[in-house]
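# prediction below, plus the sequence it came from.
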Amino acid sequence: MSDIGLFASWNIRGLGSFEKKSAVKRLLSLTKPRVLFLQETKMKEIDDKAIRSLVGHRAKFNSIYSAANGSSGGLITLWDPNFLQIENSISEPNFIAIYGKLTESNIMCLLINVYAPNDHFKRKDNTPEYLFYNL
């Protein structure tokens with residue numbers, strides 16, 4: 001497999017439409033990221049069927065998500081399990097943290113997908129200060 005990029009991140013600004021889901025599929029097909037961070041999905045419910053609609057039925061991606069709060073937020077983190085073996089994860093309303101080992105190099109890493117409201121005071125309240133103590 002020829003790697004174009006290891007990581008991709010996209011503030012999708014809503015993932016409910018067929019067009020946005022198709023755009024994510026195209027992104028995965030063209031850039032072949034091993035880890036994909038999506039922010040602001042605006043999806044209140046996310047299940048395996050919703051994830052399969054993004055990656056296709058044959059793609060091998062694991063996922064963790066955080067549902068939207070009202071009409072804002074929502075996160076999805078997807079990763080190739082042959083690239084990254086997860087040891088621990090935390091999913092909160094404004095961030096997803098995954099801790100694991102890059103399989104090709106045996107390097108341990110912490111990857112964080114963050115959605116912060118566009119309000120200074122709300123953003124400050126959502127700082128995950130305890131994160132590093134819980135992983």
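It's in.
# beta-bridge partners for the closest residue to Ser89 other than its chain neighbours, please?
Closest residue to Ser89 apart from its sequence neighbours, by CB to CB, 6 or more residues apart in numbering: Ile98 at 4.6 Å. C-betas here are computed from N, CA, C, even on glycine. Beta-bridge partners for Ile98, by DSSP bridges, are Ser89, Leu111.
# I figured Ile98 hits Ser91, correct?
No - counting by CB atoms under 8 Å, Ile98 does not reach Ser91; the two are 9.2 Å apart.
# mind listing the shared neighbours of these two?
Contact with both Ile98 and Ser91 is made by residues Ile64, according to CB atoms under 8 Å, 6 or more residues apart in numbering.
# next SSE after the lengthiest helix in the chain?
Among the segments of the chain that qualify as a helix by DSSP state H, the longest is helix 18-31. Downstream of helix 18-31, the first helix or strand assigned by DSSP states H and E is strand 35-39.
# tell me which residues in the helix or strand that comes right after that following strand are buried?
As assigned by DSSP H and E, the chain's next helix or strand after strand 35-39 is helix 48-55. Residues of helix 48-55 classed as buried by neighbour count (16 or more other CB atoms under 10 Å): 50-51, 53-55.
# same thing with stretch 98-113?
Going by 16+ other CB under 10 Å, stretch 98-113 has these buried residues: 98-100, 111, 113.
# no further questions, thank you.
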